[in-house]
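A.B. asks: need the 3D shape of this:
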Amino acid sequence: MSSYAVEVDVTTGADGGATVYSQPVSGRLAHIAYTKTDFANGVDFTITSDRTQQTIWDEDDVNASKTISPVQPAHTSAGGAVTYDGTRPIYRDIVLAAERIKFVIASGGASKTGTFRVTLVD
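C.D. replies: Below is the predicted model:
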């Protein structure tokens, strides 16, 4: 098993927003680290896979650098939730196959920057 990382630098426009894409990536998403350079406090992230629209990270009002390890709920072949005991959901890894990651930033402040480092495992 091997891992690799992709870094994406984001610079907001005058309105404090930005939309940027990573290069195409493949593998199990291990974690994603945000490094605050000078995004405004209260920045909002909506990070998804571009083609399949899987939600990777959707958080508002972020004030500091942080790292998350995103997962998603498991589903049956009929689309229903898979649960441990009928009430507690089961989660699974997010797996990407040759697709870009879309970073949508809002409320980041005019002409501000931040970096995202996405680590994937083959």
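
A.B. asks: use CA for all of it now, contacts and neighbours both
C.D. replies: Fine.

A.B. asks: which SS state does Gly85 fall under?
C.D. replies: Just so we're on the same page, residue 85 is Asp rather than Gly. Reduced to three states with DSSP: H, G, I helix; E, B strand; the rest coil, the structure at Asp85 is coil.

A.B. asks: tell me where the longest strand sits in the protein.
C.D. replies: Scanning the chain for the strand with the most residues, using DSSP state E, yields strand 25-36.

A.B. asks: direction included, what does that strand pair up with?
C.D. replies: According to DSSP bridges, strand 25-36 has the following sheet partners: strand 66-68 (antiparallel), strand 95-99 (antiparallel), strand 113-121 (antiparallel).

A.B. asks: and for it, what's in contact with it?
C.D. replies: 64-70, 93-101, 113-122 (CA atoms under 8 Å, 6 or more residues apart in numbering).

A.B. asks: for stretch 110-122, buried residues please.
C.D. replies: Ser111, Lys112, Thr113, Gly114, Thr115, Phe116, Arg117, Val118, Thr119, Leu120 (16 or more other CA atoms under 10 Å).

A.B. asks: got a list of what the first one touches?
C.D. replies: Yep, that's Ser111 we're talking about. Thr11, Thr12, Gly13, Ala14, Gly16.

A.B. asks: filter these to the buried ones?
C.D. replies: Buried among the contacts of Ser111 (16+ other CA under 10 Å): Thr11, Thr12, Gly13, Gly16.
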